[in-house]
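K.L.:
Mind looking at a prediction? Sequence and model below.
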Amino acid sequence: MRVLILLRDLSLNGITSYNRILAGELRAQGHTVFVLPSGADMPSDNRFGWPLLHPCLEPLVRGAIARLMPDVIVVNHYTQARVAHRLSESLGIPWLAIMHNAHSDRRMREWAQLFSNVSGVVTMCQTLRDKYSDLLRESAGFLAGHKPPIFLSRLPLQRPVAPLARSGGATPETVVRLAYCSRLSGSKGPRCEAWLKAVALLPDHASYRLRVMGGGSQLRQIKQLAGRLGLNVEFTGMVANVLPYLEDVSVMTGAGYAVLEGLVHGCAAVGLGFGGCFGAVTAARLDAAMAVNFGDHAMGRFSTDPAFIAQELQTAIELHRSGQAQAVSERVIALCAPAEIATGLTRFAQRVCQPAYERSLSMAGKSLT
């Protein structure tokens, strides 16, 4: 397949990581992948990139897009979805919406309007699948019979090069490092504050090493809170690659890619995201954790009480010390294998996104019967 991925930008976030891993795996499987905009570390077959793709520019870029002859356009953000929607109208190119998040009611209604010609919707967890299924059902009148299928996928992650040895053989005397990873702004900043308060409640918190990975507008006030709590915290700020900072982490707290990166590198984990604290990620609770993206997406709300988070941190510390986190890590590695995720996505795309000329022939055939 010839796949065109339209990105909003190349910011250091989970969506950029997702598309970088996906593009690399698609190319490894023999597909042609174009990424706009593209960067030095973004696998792609194009040697050029535009800094911005806005719907008002669609008439200007239409010819260049047509020359790429993509079989499908893949988008992750609303503005780029508007571009894909217009390109589908003007050139007949099918497009897929990769949904990483839910949105406000108003934005969800705006997405529904774009879904009038989308070929398929892809979600990263079961809760998002349920939410977008509800959206399509509620928008049935507007969509006028168009029922785009929804495909449940997962976030892909590269298998770690080093063996997973961190969580095995630990003893109570072994130094434990607790880490939190997320952007420190919006609703995620208060989650970090709750984590710091939870750590301060742990009986042996003075013996733990602490690290916060991420940057944002609330970084200064979070540092001040750590000082008031008497915690000695290493703040890394925003980092392009978190892997070097995971080598000595015992328990990772966060959601989405932050927790997954920790899990595949042998850390125990506590899910703490937009929706609150899911809790410690045990082998028995892994499927439930992935269904809500470790606390980012829940139909209801999880607790944000520091006492509850402290309780779950204590459980995760015991998982680390007992070596039970190893089994969770190995299963996450299998579930998030990029090859299987890319294969599933391309099979879905091939099923729902016929090339434009095939769609035209199909429509012509129906009109004659």
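P.N.:
Cool, got the structure.
K.L.:
And the pLDDT for residue 277?
P.N.:
The model reports residue 277 with a pLDDT of 94.
K.L.:
What residues are bridge-paired with it?
P.N.:
residue 272, residue 303 (DSSP bridges).
K.L.:
what's the distance between it and residue 302?
P.N.:
According to Cβ to Cβ, to the nearest Å, residue 277 and residue 302 sit 5 Å apart. For the C-beta atoms, the positions are set from N, CA and C on the backbone; glycine is no exception.
K.L.:
So between those two, which is more surrounded?
P.N.:
More crowded of residue 277 and residue 302, by other Cβ atoms under 10 Å: residue 277, with 27 against 19.
K.L.:
correct me, but the more buried one touches residue 311?
P.N.:
No: Residue 277 lies out of contact with residue 311 (Cβ atoms under 8 Å); the separation is 9.5 Å.
K.L.:
Can you check which residues contact both of residue 277 and residue 302?
P.N.:
Listed as contacting both residue 277 and residue 302 by Cβ atoms under 8 Å, 6 or more residues apart in numbering are residue 295.
K.L.:
surely residue 135 meets residue 110?
P.N.:
No: counting by Cβ under 8 Å, residue 110 is not a contact partner of residue 135; they are 10.8 Å apart.
K.L.:
Of those two, which one has the most company?
P.N.:
residue 135 (20 against 14).
K.L.:
do you know how far the more buried one is from residue 102?
P.N.:
Distance from residue 135 to residue 102, by Cβ to Cβ: 9 Å.
K.L.:
list the residues that contact both of the two?
P.N.:
Shared contacts of residue 135 and residue 102, defined by Cβ under 8 Å, 6+ apart, are found at residue 108.
K.L.:
Where do the domain boundaries of the chain fall?
P.N.:
Split into domains by automatic domain parsing, the chain comes to 2-156+337-368, 177-334.
K.L.:
start to end distance for the last one?
P.N.:
By that I understand domain 177-334. 26 Å (Cα to Cα, to the nearest Å).
K.L.:
Nearest residue to residue 223 in space, ignoring adjacent ones along the chain?
P.N.:
The spatially closest residue to residue 223, leaving aside those adjacent along the chain, is residue 235, at 6.1 Å (Cβ to Cβ, 6 or more residues apart in numbering).
K.L.:
and whichever strand or helix holds the one you found, what does it pack onto?
P.N.:
Using DSSP states H and E, residue 235 falls within strand 233-237. Where contact means 3 or more Cβ pairs under 8 Å, 6 or more residues apart in numbering; DSSP states H and E, strand 233-237 is packed against strand 209-213, helix 219-228.
K.L.:
Roughly how far does residue 263 sit from residue 326?
P.N.:
Residue 263 is 10 Å from residue 326, by Cβ to Cβ.
K.L.:
higher neighbour count, these two?
P.N.:
More neighbours surround residue 263 than the other of residue 263 and residue 326, with 27 against 20 (other Cβ under 10 Å).
K.L.:
Just give the closest residue to that one, not the sequence neighbours.
P.N.:
Looking at residue 263 with Cβ to Cβ, 6+ apart, the closest residue is residue 332, at 4.5 Å.
K.L.:
Now for that neighbour: which residues touch it?
P.N.:
Counting by Cβ under 8 Å, 6+ apart, residue 332 has contacts 157, 260, 263-264, 286.
K.L.:
do the same with residue 44
P.N.:
Contact partners of residue 44, counting by Cβ under 8 Å, 6+ apart, are 5, 23, 27, 33-35, 38.
K.L.:
now residue 218
P.N.:
Counted by Cβ under 8 Å, 6+ apart, residue 218 has contacts 184-185, 189, 192.
K.L.:
quick one: the helices in the stretch 51-200 of the chain?
P.N.:
For the stretch 51-200 of the chain, the helices defined by DSSP state H, counting those that start in this stretch occupy 58-68, 78-91, 105-114, 126-138, 140-143, 188-201.
K.L.:
Show me the least confident stretch of those, going by mean pLDDT.
P.N.:
Minimum mean pLDDT among the helices of the stretch 51-200 of the chain: helix 140-143, a mean of 85.
K.L.:
For the chain, which helix extends over the most residues?
P.N.:
Counting by DSSP state H, the longest helix found in the chain is helix 306-322.
K.L.:
In terms of secondary structure, what does it contact?
P.N.:
Against helix 306-322 (3+ Cβ pairs under 8 Å, 6+ apart) you get helix 188-201, strand 251-254, strand 268-273, strand 276-280, helix 325-335.
K.L.:
and of these, who's closest to residue 178?
P.N.:
Proximity to residue 178 (Cβ to Cβ) singles out strand 251-254 among these, at 5.1 Å.
K.L.:
and residue 107, how many neighbours?
P.N.:
Count around residue 107 with other Cβ under 10 Å applied: 12.
K.L.:
What count of nearby residues applies to the residue nearest to residue 139 when sequence neighbours are not counted?
P.N.:
Spatial nearest neighbour of residue 139, excluding adjacent residues (Cβ to Cβ, 6+ apart): residue 112 at 3.9 Å. Residues lying near residue 112 (other Cβ under 10 Å) number 18.
K.L.:
Next, work out how far apart residue 112 and residue 159 are.
P.N.:
Going from residue 112 to residue 159 by Cβ to Cβ gives 37 Å.
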